[in-house]
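Chemist: Coordinates only, no sequence provided:
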Ligand SMILES: [Zn+2]
């Protein structure tokens with residue numbers, strides 16, 4: 001019997017996957033749905049129109065949607081629920097409040113949500129809700145505040161002279177929503193009170209520090225924000241097998257630029273006695289956001305960061321003899337030594353055509369494995385598989401029912417015969433992605449002709465997409481049974 005993967009796919013693939021090795025947050029691949037809510041306070045309203053907000057957030061070339069698409073290599077899309085090109089509602093009057101404080105932002109969210117619901121708009125199920133305020137002088141130079149998960153709120157202040165939303169702020173605060181913390185600097189001295197050092201036994205990495213200007217979560221002011229660094233990409237599930245190589249022995253490792261189409265694009269080194277790992281990457285000009293000028297010290301030089309399970313990362317200044325951090329990456333021909341562990345990192349050379357570098361690693365107590373090659377070319381395309389077939393999407397009206405599944409009601413989902421699938425399909429690998437608009441709960445999936453004790457169970461959390469792949473049998477007529485304990489939305493896609 002032919003085996004077919006049934007993807008009860010993501011309303012939005014989001015949290016719930018295995019914890020990433022180094023980094024905050026969780027996998028963020030597929031689509032994430034966002035809503036922009038414009039607000040006003042009495043006579044003071046946001047100066048930003050709905051059309052402007054749609055451009056700034058969803059469709060503009062510098063929008064966070066463009067940033068996430070480019071940084072993820074097309075793995076993450078930011079969309080609206082009602083409109084693919086973005087949902088924007090309001091303005092809604094939230095009355096007097098100070099949006100610059102956490103309590104004020106809580107109040108803003110509650111009041112705007114109430115006003116939206118009274119106007120018949122549902123805010124359930126969105127991954128991100130962006131509230132845009134009226135011009136408020138009290139927020140100073142701060143342009144936004146994004147919650148870390150499980151929060152989904154971003155408050156954006158309409159306080160720039162040109163009455164626009166700043167691209168860097170939008171993407172940065174969304175980064176917090178995805179679970180990313182700030183990208184800071186590893187501030188070391190050669191002994192207490194000594195001169196600046198790259199790495200030493202006397203280092204500080206202050207919480208909240210965001211001095212790493214070489215990536216979005218450290219960018220400031222009107223900077224566009226560089227693409228997210230390798231440990232972030234890995235934490236968000238944007239890397240493929242082979243893209244990140246753990247170097248466990250001395251040798252010469254070939255390394256491709258971070259955004260190259262193939263090959264090893266990051267090296268990691270375990271640092272004995274440290275929960276964090278060293279992450280090495282190379283950059284070249286790429287797309288809209290990594291538009292480095294020729295000669296920028298950030299390109300074709302090795303960016304070295306410490307990143308660990310706390311979700312923060314710290315840039316290492318490989319050229320501590322200069323006061324600036326703009327030249328922190330290790331240029332070709334130089335060696336970075338870690339006196340604490342004895343690790344030595346040398347960028348031997350970078351090929352000007354391909355951007356591929358040769359990184360010589362000296363790892364104490366390990367044999368030399370010689371040269372570890374890699375090709376930066378795109379890997380051969382996988383065999384083309386037939387297009388996926390959506391058999392059920394309760395939010396977009398595909399299949400039946402055309403509304404959220406009701407609690408404790410069994411629903412029979414016809415799979416066989418849909419979209420060219422075999423009519424008598426009996427087996428499937430099912431990726432269930434479900435999202436309860438309300439209470440947390442669980443859903444069971446089983447062959448309608450068998451006992452419910454054979455069901456596979458997937459737990460779901462309020463407001464979160466939960467994704468799991470399970471192998472199931474289908475009834476003789478190609479039908480799958482689903483039964484939730486709470487009201488929930490399901491999208492089912494069959495992939496072959
Ligand atoms: Zn921040």
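Modeler: Thanks, I have the structure now. Quantities reported herein were computed from a predicted structural model and do not represent experimental measurements.
Chemist: who does the helix ranked longest in the chain touch, helix- and strand-wise?
Modeler: Longest helix in the chain, counting residues (DSSP state H): helix 102-118. Helices and strands touching helix 102-118, by 3 or more CB pairs under 8 Å, 6 or more residues apart in numbering; DSSP states H and E, are strand 30-41, strand 87-93, strand 128-132, strand 153-156. Where you see a C-beta, it was placed from the backbone N, CA and C, and this is true even at glycine.
Chemist: Could you point out which of the ones you listed sits nearest residue 413?
Modeler: strand 30-41 (20.5 Å; CB to CB).
Chemist: Off-centre distance for the helix or strand following that closest one?
Modeler: Tracing the chain past strand 30-41, the next element assigned as helix or strand by DSSP states H and E is strand 44-45. Offset of strand 44-45 from its chain centre (CA atoms, centre = their mean, to the nearest Å): 33 Å.
Chemist: What is the burial count for residue 310?
Modeler: 14 (other CB atoms under 10 Å).
Chemist: Return the set of buried residues in the longest helix of the chain.
Modeler: 104, 105, 107, 108, 109, 111, 112, 113, 115, 116 (16 or more other CB atoms under 10 Å).
Chemist: try stretch 160-175
Modeler: Buried, per 16+ other CB under 10 Å, within stretch 160-175: 160, 165, 166, 167, 168, 169, 170, 171, 172, 173, 174, 175.
Chemist: my guess is the fifth one meets residue 216, correct?
Modeler: Translated: residue 168. Yes - Residue 168 is within contact range of residue 216, at 7.3 Å (criterion: CB atoms under 8 Å).
Chemist: Which parts of the chain belong to which domain?
Modeler: Per the record, the chain has its domains at 4-9+386-495, 30-177, 183-372, by automatic domain parsing.
Chemist: possible to save those domains as a markdown table with mean pLDDT?
Modeler: Formatted as a markdown table, those follow (pLDDT from 0 to 100):
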| stretch | mean pLDDT |
| --- | --- |
| domain 4-9+386-495 | 82 |
| domain 30-177 | 94 |
| domain 183-372 | 95 |
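Chemist: out of those, nearest to residue 379?
Modeler: Using CB to CB, those put domain 183-372 closest to residue 379, at 4.8 Å.
Chemist: coming back round to it: next, show the common contact partners of residue 168 and residue 216.
Modeler: Listed as contacting both residue 168 and residue 216 by CB atoms under 8 Å, 6 or more residues apart in numbering are residue 225.
Chemist: For residue 454, state which of the buried residues of stretch 160-175 is nearest.
Modeler: Checking the buried residues of stretch 160-175 against residue 454 by CB to CB gives residue 174 as the nearest, at 41.2 Å.
Chemist: Shouldn't that closest one be within a strand?
Modeler: No - assigned with DSSP: H, G, I helix; E, B strand; the rest coil, residue 174 falls outside any strand and is helix.
Chemist: Next up, the contacts around it.
Modeler: Per CB under 8 Å, 6+ apart, neighbours of residue 174: 64, 68, 78, 128, 146, 154.
Chemist: if we go to 7 Å?
Modeler: 64, 128, 146, 154 (CB atoms under 7 Å, 6 or more residues apart in numbering).
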